[in-house]
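# just a sequence and a predicted model for now, questions to come.
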Amino acid sequence: MKTIGLVTHAETQVRDGGKWCPDPAMTGAGLDRIVRLKSSIAEALGGYPTEIHCGTGRRQWQLLQVLGLDGRMELVHVSGLWGDASTIIVDDGKKKVLLGHGQILDYERYDTARHVGGEIIRNVIRTLPHNSLICSGRPVLVRLGMKPEECLSGAVYALAVDTAGQIDIVPKTSGSILLQSSKTR
């Protein structure tokens, strides 16, 4: 059995003064929430991560920084598999995706989850070394089979990988189930 840690970013600000904020950053409250998770990560992993895997978006990178993990760049691996600059928003009452350059698409036109979900993400997780840490968001949990309304933001999870390759998702802290709105995600 091996354990892979997963920390999800907290709330982000997708609008500022009525304008959309592509590649959104976490809010002040979201950053404060992540600061409080530092000890939970070490506890979930049983020590310092052997490798750190981070998404390419601003909020995933903020996780790395706020947790003080950016000082060990030799351990950091970056991949869009763990998240990118796009974010889910609600615009005119409809679920949409705000891309990193500001374009807004209908949610049904955004295929990343379908392309890298299921067995692809499971296979990557199975290959990670014991005590690795993933800095990401809720979409990774959804791709692993959780329902979106059960996924916590600003939380630490342990992904328990058994010898047969089964992955059990174990929440290690509480977090927020954020409602999709035009202000935060």
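Happy to help now that I have it.
# so where is this protein shaky, pLDDT-wise?
178-185 (pLDDT under 70).
# make it 50
Residues of the chain that meet the criterion pLDDT under 50 lie in 179-185.
# show me where it has helices.
When assigned using DSSP state H, the helices of the chain occupy the ranges 28-35, 38-45, 58-66, 112-116, 118-127, 138-143.
# save these as JSON lines, and put in distance to residue 80 and mean neighbour count too.
Heads up, the C-betas are built off the backbone N, CA and C, glycines and all. Conversion of those to JSON lines gives the following (distance: least, C-beta to C-beta, whole Å; neighbours: other C-beta atoms under 10 Å):
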{"stretch": "helix 28-35", "distance to residue 80": "21", "mean neighbour count": "17"}
{"stretch": "helix 38-45", "distance to residue 80": "22", "mean neighbour count": "17"}
{"stretch": "helix 58-66", "distance to residue 80": "10", "mean neighbour count": "23"}
{"stretch": "helix 112-116", "distance to residue 80": "8", "mean neighbour count": "13"}
{"stretch": "helix 118-127", "distance to residue 80": "12", "mean neighbour count": "14"}
{"stretch": "helix 138-143", "distance to residue 80": "11", "mean neighbour count": "22"}
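# pipe those into CSV and attach distance to residue 88 per row.
Shown next, in CSV, are the helices of the chain (distance: least, C-beta to C-beta, whole Å):
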stretch, distance to residue 88
helix 28-35, 15
helix 38-45, 25
helix 58-66, 12
helix 112-116, 10
helix 118-127, 17
helix 138-143, 8
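# buried residues of stretch 101-110, list them for me.
Buried residues in stretch 101-110, counting neighbours by 16 or more other C-beta atoms under 10 Å, are found at residue 110.
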